[in-house]
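Asker: my questions concern the predicted model and sequence given below.
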Amino acid sequence: EHSYRRPSLTLKDLADAMRRPEYRLRKLIHERLGYQNFNAFLHDYRIRDACRQLRDPAMKRVPILTIALSTGYQSVNTFNRGFREVMGMPPSAYRSLGGEEAQELSGKISPQST
């Protein structure tokens, strides 16, 4: 469903959609998946989606702002800062990489990097 794309998604919203108690979802995200918190978990999904879109040749002309908004970020500044933090480069530099190199880099996103 790509719930992570909703800008205002909360842990409660996701727990309700999964029909699970919040505390169980929080525990799953932290203990089983290895994320520090829900926001780190959400950020990971959004960055992965952004990487996929930035690698897609059919989306080469789609502005980075559009990709940022489509993945759930409410501003391009927040997206750029988060992307650079996780990927070590701005989205524009990632987009300019070759397909295999970009694919390899995005495969390294992990709970520890977010």
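Answerer: On my side now, so go ahead.

Asker: look up phi and psi at the residue of the chain most remote from its centre.
Answerer: What lies farthest from the middle of the chain is Pro21; by Cα atoms, centre = their mean that is 23.5 Å. Main-chain torsions, Pro21, degrees, to the nearest 10: phi -70, psi 150.

Asker: low pLDDT regions in the chain?
Answerer: Applying pLDDT under 70 to the chain picks out residues 98-104, 106-114.

Asker: try it again at 90.
Answerer: Residue ranges of the chain with pLDDT under 90: 1-4, 8, 86, 97-114.

Asker: next one: the longest helix anywhere in it to chain centre, how far?
Answerer: Determined from DSSP state H, the single longest helix within the chain is helix 38-55. Taking Cα atoms, centre = their mean, to the nearest Å, one finds helix 38-55 lying 1 Å from the centre of the chain it belongs to.

Asker: mind listing what's buried in whichever helix or strand comes after it?
Answerer: Proceeding N to C from helix 38-55, the next assigned helix or strand is helix 64-70, under DSSP states H and E. The neighbour-count check on helix 64-70 (16 or more other Cβ atoms under 10 Å) flags 64, 67-70 as buried. Bear in mind the C-beta positions are built from the backbone N, C-alpha and C, glycine included.

Asker: many thanks, I have nothing further to ask.
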